[in-house]
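Colleague: Sequence below, structure please.
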Amino acid sequence: MNPLLRPLALLGRGTRRGLARLGNVTLFFLDALLRLPLTIRFPREIARAFLQVGWLSLPIVGLTAVFTGAALALQIHAGGSRLSAEMVVPQIVAIGIVRELGPVMVGLMIAARVTSSIAAEIATMKVTQQVDALVTLSTDPMTYLTAPRVLAGVVTVPVLVGVGDVLGLFGGFAVATGQLGFTPESYVETSWNFLTEADIALSLIKGAVFGLIAVTLACHAGLNAGRGARGVGQAVKSAVQWAAILILAANVALTGAFFSA
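Modeller: Numbering: from 1, shown residues only. I've put the predicted structure just below:
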């Protein structure tokens, strides 16, 4: 092969593998979706998935949201002071947190915490032949392992996004009223009047999509992990990387589609 064409060949192979992986994950998700009604047989596994994805993620989501909102308020005030526009802090913090930073921040936190956890757990089950044992016991791994987690991701991540939005706005509020000279009443009124129902809807829709991406990729990587400790590590790394990339890509696509409509 011509050395000048080798980078293009590598790019083509990488793109082909990426598209094949995306197609496999999409079929995997549709398979899990068809099994959602069957998860009623495993209420304990559903409760465990909701606990793992939702409740246990609240502390890290809450702390990250508060600090992000506080830092955003400081940055907007510092930038606005150059243009004598310090009073736009409530509006920019509100729209920045609710439309973008809140959903993306929660999505990436879920990718870091939940995707890695689920991928490691299921991959370890496969390596130790627990998945094979489920098949031996006439229990479908997709119904028992994947479908409850997909359900938990779609339902709980929008709730986490809502909590993250509120706490992010509170972080901005605390800094603005404590350090930047805003009165609590005017800050809350300005933020509330500036936000629309469409902004909130977009935020929650992004949360559902990001949760779906993070959990589906984790389950797919875990069930397709290679043998041994190396296989577990590769599954976790692959799941987290792809989850972060696809969450950011989905954020751009959803934002463009929502506002173009």
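Colleague: got a list of what the closest residue in space to Arg227 that isn't next to it in sequence touches?
Modeller: Spatially, and ignoring its direct neighbours in sequence, Arg227 is nearest to Val127 (6.1 Å; C-beta to C-beta, 6 or more residues apart in numbering). Heads up, the C-betas are built off the backbone N, CA and C, glycines and all. Val127 is in contact with 225, 227-229, 231-232, counting by C-beta atoms under 8 Å, 6 or more residues apart in numbering.
Colleague: Give me the PyMOL select line for these, limited to the buried ones.
Modeller: Here is the PyMOL command that selects the buried residues among the contacts of Val127 (16 or more other C-beta atoms under 10 Å):
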select buried, resi 225+231+232
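Colleague: Out of the contacts of Val127, list just those in helices.
Modeller: Applying DSSP state H to those, the entries found in helices are 228-229, 231-232.
Colleague: and which of those is nearest to Met105?
Modeller: Met105 has its nearest neighbour among the ones in helices among the contacts of Val127 in Val232, at 27.5 Å by C-beta to C-beta.
Colleague: Going by secondary structure, the closest residue to that closest one other than its chain neighbours is in what exactly?
Modeller: Once flanking residues are discounted, Val232 sits nearest to Ala123: 4.4 Å by C-beta to C-beta, 6+ apart. Per DSSP states H and E, Ala123 falls inside helix 116-127.
Colleague: who's in contact with the helix or strand following that helix?
Modeller: Per DSSP H and E, helix 116-127 leads on to helix 130-136 as the next helix or strand towards the C-terminus. Residues outside helix 130-136 that contact it (C-beta under 8 Å, 6+ apart): 122, 125-126, 140-141, 144-145, 223.
Colleague: Tell me the buried residues in stretch 16-24?
Modeller: For stretch 16-24, the neighbour count (16+ other C-beta under 10 Å) marks Arg21 as buried.
Colleague: do stretch 75-82 as well
Modeller: Buried, per 16+ other C-beta under 10 Å, within stretch 75-82: 76-77.
Colleague: residues making contact with that stretch?
Modeller: Contacts of stretch 75-82 (C-beta under 8 Å, 6+ apart): 86-89, 92-93, 96, 176, 180.
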